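# 3D model of this:
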Amino acid sequence: MLKLKRVYDDVSQQDGKRILIDGVWPRGIKKEDLEHDEWYKEIAPSSDLRKWFDHDSDKWEEFKKKYKKELKERKDLVDQIKKDSDGHNVTLLYAAKDEEHNQAVVIKEYIENK
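Numbers count the residues shown, from 1 in each chain. So this is what the prediction gives:
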């Protein structure tokens, strides 16, 4: 099962494998303090897309379309997440404040609709 969680939220035994999916390290967290198993920074939105979106919910639908195109080019990481979450808990970790409009939501939707 694929789950989503902010990096600032408490760790849970139900998290399973914890994968950070941000392209840059989250602010205010030391690398040794974040409990995570993997860091797939390559799966994050491109810098251009991230800067264009700028967490503007008015751009959400267009961001999703553009980011899904980018995810097609990151097939190896997408497939690895899908494989790991087949019958097991995997939690995608992200730093964004907006829990409804962020790359983790898009990745989860993309994988579940494959």
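
# Could you use CA atoms for every contact and neighbour count after this?
Will do.

# On the three-state scheme, the residue nearest to residue 37 when sequence neighbours are not counted is what?
Once flanking residues are discounted, residue 37 sits nearest to residue 18: 5.3 Å by CA to CA, 6 or more residues apart in numbering. Here residue 18 is recorded as strand under DSSP: H, G, I helix; E, B strand; the rest coil.

# Is residue 18 in contact with residue 94, as I believe?
No: if you go by CA atoms under 8 Å, residue 18 and residue 94 don't touch, sitting 10.4 Å apart.

# re earlier: so what sits opposite the residue nearest to residue 37 in the bridge?
residue 91 (DSSP bridges).

# distance of it from residue 35?
7 Å (CA to CA, to the nearest Å).

# Compare the two and say which is more crowded by neighbours.
Neighbours per residue (other CA atoms under 10 Å) separate residue 18 from residue 35, with residue 18 holding more: 22 against 15.

# What is the burial count for residue 7?
Neighbours around residue 7, by other CA under 10 Å: 22.
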